[in-house]
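**Student:** Compute the structure for the input listed below.
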Amino acid sequence: MPRSTMLALSVMVAIIGSVVIAWVTMADRRRIAQPAAPGAVSTPAQPPASPGRKIKARLYYVSSDGTKLTAVDREVAYADGAAAQAQEIVSAQLAAAPAPLVSPIPPGTRLRALYLNSKGEAYVDLSKEASAAHTGGTQDEVLTIYSIVDALTANLPAVTSVQLLVDGKEVDTLAGHIDLRRPLGKNLDVVE
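**Tutor:** Below is the predicted model:
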């Protein structure tokens, strides 16, 4: 085989290899199966460490005038460790609201997974209902988002911010209004 043909073939292989490496790298960056940075703790659905043991946690429901959140102290299952306790708090927040309160969370929304990294950023992976069954509107979206963000940041000092995911993926918004592409901090301005 002539030397120029070998050189052309080598260049072609190098280009194809570079394209494949770039494609794999981009795919890995977009994948959110492990959204947290190194040091993250994943907590798939699991029972609490001490069955029957409870803690008091502040959960958030829609206020009587429908414009803000109202804080309610409720008993939540106890779990060992910040990530496991965060899972219990989110699960309680997603559960049906006690009468006469109304939940800001779309019906059928489930917690798929929760990750907590060493910087205190919690990644809360919700089922598709969080977005698909959302009523829409800026105010309702704010109440939905901050009921979860505030429940975690108000109850767990280890959690400094929360990023919501839907079906294992980053989303721009839940209903078209609030930017969810980064973790959000506590916002007590939406609480009466």
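**Student:** quick one: low-confidence parts of the chain?
**Tutor:** Within the chain, the ranges that satisfy pLDDT under 70 run 1-51.
**Student:** Could you check which helix or strand contains the residue nearest the centre of it?
**Tutor:** Centroid-nearest residue in the chain: residue 124, 2.1 Å away (criterion: CA atoms, centre = their mean). Using DSSP states H and E, residue 124 sits in strand 121-126.
**Student:** buried ones in that strand?
**Tutor:** Of the residues in strand 121-126, 121, 122, 123, 124, 125, 126 count as buried by neighbour count, 16 or more other CB atoms under 10 Å. Bear in mind the C-beta positions are built from the backbone N, C-alpha and C, glycine included.
**Student:** mind checking how far residue 169 is from residue 178?
**Tutor:** Going from residue 169 to residue 178 by CB to CB, to the nearest Å gives 17 Å.
**Student:** my bad, residue 96
**Tutor:** Distance from residue 96 to residue 178, by CB to CB: 24 Å.
**Student:** more neighbours, these two?
**Tutor:** Between residue 96 and residue 178, residue 178 has the larger neighbour count (other CB atoms under 10 Å), namely 16 against 10.
**Student:** Might you report the residue contacts of that one?
**Tutor:** 138, 141, 142, 145 (CB atoms under 8 Å, 6 or more residues apart in numbering).
**Student:** Using PyMOL, define a selection of the buried residues within these.
**Tutor:** Buried subset of those, written as a PyMOL selection, criterion 16+ other CB under 10 Å:
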select buried, resi 141+142+145
